[in-house]
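[1] I would like the atomic coordinates for the input below:
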Amino acid sequence: MAHYFDAQPTTESDKKTVDYRVNGMNFSFITDSNTFSRSGVDKGTDLMITTVIDDIKARGAHKGERLLDLGCGWGVVGITMKKVFMAFDVTQTDVNARAVGLAKENAKNNGVKIDLQVAGDVLSGVPEDKMFDIVMTNPPVRAGKKVVFEFYEQAFKHMVEGASIYVVLQRKQGAPSSEKKLTELFGNCETIAISGGYHIMKSVKE
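    Sure thing, here's the model as predicted:
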């Protein structure tokens with residue numbers, strides 16, 4: 001059975017275009033079979049994007065902040081964040097090579113330059129010494145809790161002191177267990193938004 005977290009999808013390509021609007025900006029994305037939420041931006045990801053934009057604006061964005069879009073799919077998170085915060089250094093990574101190819105195409109089509117777009121298992125494709133100020137992820141719950149927790153553990157190693165990780169999950173998808181894991185790793189975890197069953201959790205590396 002094909003999954004969006006397959007490294008090399010073998011299902012026949014079936015591209016489609018979806019529109020998205022956030023922060024007063026219009027975007028157009030190409031999606032494909034065997035990628036996450038191919039019919040459009042899912043409610044959880046949309047909530048995370050809008051919540052994080054507001055959170056960063058509230059504290060003040062800084063030039064050169066490094067943002068990681070972990071499990072980027074076809075690229076909506078990193079591309080919209082780069083468009084809103086043009087001075088950010090954005091990295092996108094996903095295990096799914098087809099999804100990363102789409103992310104590259106979508107960045108170009110939406111007029112943004114993503115600094116690094118790479119396919120690899122969790123953070124295996126990202127240089128060991130590359131560190132981040134912000135991590136955003138809608139983790140692949142269907143891949144299992146072990147993989148989801150690996151997202152958090154590997155992200156932690158690539159985060160500078162004071163960096164924030166934002167995670168979106170539905171309560172029924174395991175938000176409580178993720179909150180516990182993030183608290184164990186970071187020493188803190190705050191739910192900063194809830195809508196339609198989706199929780200946006202934030203932890204800061206102290």
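[2] if I look at the residue nearest to Val160 when sequence neighbours are not counted, how far off is Cys189?
    Closest residue in space to Val160, ignoring its immediate chain neighbours: Met131 at 4.9 Å, by Cβ to Cβ, 6 or more residues apart in numbering. Glycine gets a C-beta too; all of them are placed from N, C-alpha and C. For Met131, the distance to Cys189 equals 21 Å [Cβ to Cβ, to the nearest Å].
[3] ok, the residue nearest to Val160 touching His158?
    Yes: with contacts defined as Cβ atoms under 8 Å, Met131 counts as touching His158 at a distance of 5.7 Å.
[4] these two: who's more crowded?
    When neighbours are counted by other Cβ atoms under 10 Å, His158 comes out ahead of the other of Met131 and His158, with 20 against 15.
[5] may I see the buried residues of the lengthiest helix in the chain?
    Of all segments of type helix in the chain, defined using DSSP state H, the longest is helix 43-59. For helix 43-59, the neighbour count (16 or more other Cβ atoms under 10 Å) marks Gly44, Thr45, Asp46, Leu47, Met48, Ile49, Thr50, Thr51, Val52, Ile53, Asp55, Ile56 as buried.
[6] and stretch 151-162, by the same measure?
    Residues of stretch 151-162 classed as buried: Phe151, Tyr152, Gln154, Ala155, Phe156, His158, Met159 (neighbour count, 16+ other Cβ under 10 Å).
[7] and those, which of them are in strands?
    Met159 (DSSP state E).
[8] Ala87: which of the buried residues of stretch 151-162 is nearest?
    When those are compared for distance to Ala87 (Cβ to Cβ), Met159 comes out closest, at 19.4 Å.
[9] without its sequence neighbours, what residue ends up closest to that closest one?
    If you skip the residues right next to it in sequence, Met159 has Lys205 as its closest partner in space, 4.7 Å away by Cβ to Cβ, 6+ apart.
[10] give me every residue that touches the one you found.
    Applying Cβ atoms under 8 Å, 6 or more residues apart in numbering to Lys205 gives the contacts Phe156, Met159, Val160, Glu161, Gly162, Ala163, Ser164, Ile165, Phe186.
[11] returning to that earlier point: how about the residue nearest to Val160, what does it touch?
    Met131 sits next to Arg66, His158, Met159, Val160, Ala163 when contact means Cβ under 8 Å, 6+ apart.
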